[in-house]
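K.L.:
Sequence isn't available, so here's the structure alone:
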């Protein structure tokens, strides 16, 4: 389904009867594509665009990702798209409000919903009526502090900010983290009393397997950037379910995750 005003006809692909989503993710991010494609329901087709900014400074790269969305969308051409998902939460933490992307993306022949990960998490928290949150950050302190300030500015109370352990291997400080490390921190966050929700921020850390395990042991809602983004995409395309169904212990994405990435779950449940 295309929600825009289409002036020229684009053939619908056989693979994507429900929707075709353009997913924009940082070039090195190994997580957002498999997690979001697993979270989205059947007949959703995810076409990925890799955003590459050459700066050695992580903050400069993050700012460029959100400020140059038209550039990242160029390779999609006239592909039959129904929505754009901007899977980079950290970008929104570093930009002032007036420089963040809007909620739509204009193409020459249609207007697409644009779902930014940070805005999707905000929508999910509001859907839950959550105000007092525990924030689980995979970021170094230089990005955790802006993330905390961002959520405060949106009207939430990050009562507890928990840092995921630093990766033990060389490489990107976020993308080299493990589900096992995140699980321990998520379980700690979910055990905190008087918390409305736990937010595992960041699209690049492997949070979905950890969320799947931790959420089976706690009644506190646990959100991740990728889960919120997938939910918001479905909402904007009129194919949404209540967020509580996405968080339920029998949510359909859990079976898809187990079928697609059994080793990741086995490592967590057998530890």
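P.N.:
Received it, and whenever you're ready, just let me know what you need. In this text the structure is predicted, and so the values were computed from the model without any measurement. Residues are numbered from 1 along each chain as shown.

K.L.:
count of neighbours near residue 63?
P.N.:
18 (other Cβ atoms under 10 Å). (C-beta placed from N, C-alpha, C; glycine too.)

K.L.:
how about the strands of this protein, start to end?
P.N.:
19-26, 44-51, 83-86, 104-106, 111-116, 132-137, 157-163, 197-200, 222-224 (DSSP state E).

K.L.:
Residue 126: which of those strands is closest?
P.N.:
Proximity to residue 126 (Cβ to Cβ) singles out strand 197-200 among those, at 10.6 Å.

K.L.:
Name every strand pairing with the closest one and say which way it goes.
P.N.:
Applying DSSP bridges to the sheet, strand 197-200 is found paired with strand 132-137 (parallel), strand 222-224 (parallel).

K.L.:
which intervals of the stretch 51-200 of the chain have sub-threshold pLDDT?
P.N.:
Counting by pLDDT under 70, the stretch 51-200 of the chain contains low-confidence ranges at 167-173, 175-176.

K.L.:
what do you get if the cut-off is 90, keeping everything else the same?
P.N.:
Applying pLDDT under 90 to the stretch 51-200 of the chain flags residues 56, 108-109, 139-140, 163-178, 180-181.

K.L.:
Which parts of it are helices?
P.N.:
58-67, 69-73, 89-94, 117-128, 141-153, 179-190 (DSSP state H, counting those that start in this stretch).

K.L.:
out of the ones you listed, which comes closest to residue 202?
P.N.:
Using Cβ to Cβ, those put helix 89-94 closest to residue 202, at 5.6 Å.

K.L.:
tell me the contacts of the closest residue to residue 157 other than its chain neighbours?
P.N.:
Sequence neighbours aside, residue 132 is the residue nearest to residue 157 in space, at 4.6 Å (criterion: Cβ to Cβ, 6 or more residues apart in numbering). By Cβ atoms under 8 Å, 6 or more residues apart in numbering, residue 132 lies in contact with 156, 157, 159, 194, 195, 196.

K.L.:
export these to CSV and tack on neighbour count and distance to residue 232?
P.N.:
Output for the contacts of residue 132, formatted as CSV (neighbours: other Cβ atoms under 10 Å; distance: Cβ to Cβ, whole Å):
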residue, neighbour count, distance to residue 232
156, 22, 17
157, 13, 22
159, 14, 24
194, 6, 27
195, 20, 22
196, 17, 19
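
K.L.:
which one of those residues sits closest to residue 58?
P.N.:
Checking those one by one against residue 58 (Cβ to Cβ), the nearest turns out to be residue 156, at 24.2 Å.

K.L.:
Would you mind measuring from that closest one to residue 124?
P.N.:
11 Å (Cβ to Cβ, to the nearest Å).

K.L.:
Can you lay out the strands of the chain as JSON lines showing distance to residue 239?
P.N.:
Formatted as JSON lines, those follow (distance: least, Cβ to Cβ, whole Å):
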{"stretch": "strand 19-26", "distance to residue 239": "7"}
{"stretch": "strand 44-51", "distance to residue 239": "8"}
{"stretch": "strand 83-86", "distance to residue 239": "10"}
{"stretch": "strand 104-106", "distance to residue 239": "18"}
{"stretch": "strand 111-116", "distance to residue 239": "12"}
{"stretch": "strand 132-137", "distance to residue 239": "27"}
{"stretch": "strand 157-163", "distance to residue 239": "31"}
{"stretch": "strand 197-200", "distance to residue 239": "23"}
{"stretch": "strand 222-224", "distance to residue 239": "19"}
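
K.L.:
Many thanks, have a good one.
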